[in-house]
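1. Model the following, please.
(one chain, ligands or ions: 1)
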Amino acid sequence: MRVKTKDGVRDYRTVWFDEKINSLKMINQPLLPHRFDIVSLENYKETASAIKNMVVRGAGAIGATAAYGLAQGCLEYKGNDIDELWKHIEKVYETLKNTRPTAVDLINGMNYVKSKMEEGNSVREFKELSLEAAQKFADKQVEECKKIGNYGEKLIKDGSRILTHCNAGWLAFVDWGSATAPMYHAKRNGKDIFVFVDETRPRLQGARLTAWELSQESIEHDIIADNAAGYYMKNDEIDMVIVGADRVIGKTGDVANKIGTYEKAVLARENGIPFYVAIPMSTIDWNLKSGDEIPIEERDEKEVLYVWGIDDNGNRKRVMIANKDSHARNPAFDVTPAEYITGIITSKGVFKPDELIELKK
Ligand code: MRU
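-> So this is what the prediction gives:
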């Protein structure tokens, strides 16, 4: 995606690997939109912490980060013993897996790298294959997101007013994004669109990240408070909803996405507004039987009780916004049952939730 910098417009990926120094580079997302900065992670433990602390976030981006992290851990191994290397790989895998539970891309990314490594016969080959596979996983995601953009754009009419929730944009993936790719394609193809951006409490991925991304692409938008979407839907100001997902159940089409998605889907149906979910294949879980089985991450109550921002002098600060003695609850995701979803936009076309299973075949 294009980033407007003071030296002109530059193209960036959200995460990439410098194999010469075995270092993973990524955009430091908690600092956006006030500061654009790149962080370097020098070993797999630092990479795992970056996922846990949401320096990188968004299903696709953490999937690619975990894939690179597994390769990074493999390259860190200094010995020449195959059994010892695989024990080490299991440790790296578990460390990365225990960072965030809901987005299945994280597991799918690492499983892909592991399956490709199994084609090797020596420590040297395992290392080469791991990095090659991580790179391929990231590149494939970029290609898939472009295709999601092509299919999704066909659903967007000239003049459409679109609601999105959280950030399933370029920053939630390696490039392009899932929910935003159709919008970027529509804009670049000359369609006039307007985006309502849910601010997305408590971490404000909509207000901070999606709004910033849309600005980079010069797409007209307004940030709205999370509880304002129903008002605009009822007043006929929203034509369609497009969101991303952290895990979609392949057998049913149930969707786990950022907390608040479920209520937007129910409101959309009540108001006769189409509700689309955009995903690459790595977001599909073919194993679980229903959305009720998806593990939902509970995060620190401080994310609800405090907010980060900058003051008038540009200094980044955290301030308390809640009553001092009160506690908070903070589920990071919810599950929208398939019945509320009009279509799932994938790299292979747009499917009804109960048609997804066709893709498995
Ligand atoms: O907690 P996050 O920021 O990692 O959550 C992910 C999200 O931004 C959303 O749920 C998004 O809509 C799907 S990620 C492609």
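2. Look up which residues are beta-bridged to the closest residue to the ligand within the stretch 251-361 of the chain.
-> Per Cβ to the nearest ligand atom, Lys258 is where the stretch 251-361 of the chain lies closest to the ligand, at 3.4 Å. Using the backbone N, CA and C atoms, a C-beta is placed for each residue, glycine as well. Beta-bridge pairing of Lys258 under DSSP bridges involves Phe333.
3. That one against His165, yeah?
-> Yes. Counting by Cβ atoms under 8 Å, Lys258 touches His165, with 6.0 Å between them.
4. Alongside the ligand, which residues does the protein contribute?
-> 57-60, 166-168, 172, 178, 205, 243-246, 257-258, 332 (Cβ under 6 Å from any ligand atom).
5. go with 8 Å
-> Proximity of the chain to the ligand, by Cβ under 8 Å from any ligand atom, involves residues 54, 57-62, 100, 102-103, 105, 165-168, 172-173, 177-179, 200, 203, 205, 209, 243-246, 256-258, 261, 279, 283, 297, 332-333.
6. which residue is nearest the middle of this structure?
-> Central residue of the chain (Cα atoms, centre = their mean): Gly58, 2.3 Å from the mean position.
7. Can you get me the start-to-end distance on stretch 282-296?
-> Using Cα to Cα, to the nearest Å, the end-to-end distance of stretch 282-296 comes to 18 Å.
8. same question, stretch 45-59
-> 19 Å.
9. if we can go back for a sec, spit out the residues that contact Lys258 and His165 alike.
-> Common contacts of Lys258 and His165, defined by Cβ atoms under 8 Å, 6 or more residues apart in numbering, comprise Thr200, Val243.
10. for the stretch 201-350 of the chain, what spans make up the strands?
-> Per DSSP state E, counting those that start in this stretch, the stretch 201-350 of the chain has strands spanning 221-224, 240-243, 247-249, 255-258, 275-278, 284-285, 306-310, 316-320, 333-336, 343-346, 349-351. These are given in chain order.
11. Would you convert these into a markdown table that also reports distance to Arg188 and mean neighbour count?
-> Below are the strands of the stretch 201-350 of the chain laid out as a markdown table (distance: least, Cβ to Cβ, whole Å; neighbours: other Cβ atoms under 10 Å):
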| stretch | distance to Arg188 | mean neighbour count |
| --- | --- | --- |
| strand 221-224 | 16 | 17 |
| strand 240-243 | 16 | 24 |
| strand 247-249 | 27 | 29 |
| strand 255-258 | 25 | 29 |
| strand 275-278 | 17 | 26 |
| strand 284-285 | 27 | 22 |
| strand 306-310 | 31 | 14 |
| strand 316-320 | 33 | 10 |
| strand 333-336 | 29 | 22 |
| strand 343-346 | 17 | 24 |
| strand 349-351 | 20 | 17 |
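12. Let's have those strands in JSON lines, adding distance to Ala265 and mean pLDDT.
-> Formatted as JSON lines, these follow (distance: least, Cβ to Cβ, whole Å; pLDDT from 0 to 100):
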{"stretch": "strand 221-224", "distance to Ala265": "17", "mean pLDDT": "98"}
{"stretch": "strand 240-243", "distance to Ala265": "7", "mean pLDDT": "98"}
{"stretch": "strand 247-249", "distance to Ala265": "13", "mean pLDDT": "98"}
{"stretch": "strand 255-258", "distance to Ala265": "8", "mean pLDDT": "98"}
{"stretch": "strand 275-278", "distance to Ala265": "5", "mean pLDDT": "98"}
{"stretch": "strand 284-285", "distance to Ala265": "18", "mean pLDDT": "98"}
{"stretch": "strand 306-310", "distance to Ala265": "26", "mean pLDDT": "97"}
{"stretch": "strand 316-320", "distance to Ala265": "32", "mean pLDDT": "97"}
{"stretch": "strand 333-336", "distance to Ala265": "5", "mean pLDDT": "98"}
{"stretch": "strand 343-346", "distance to Ala265": "12", "mean pLDDT": "98"}
{"stretch": "strand 349-351", "distance to Ala265": "17", "mean pLDDT": "98"}
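13. Thanks a lot, see you next time.
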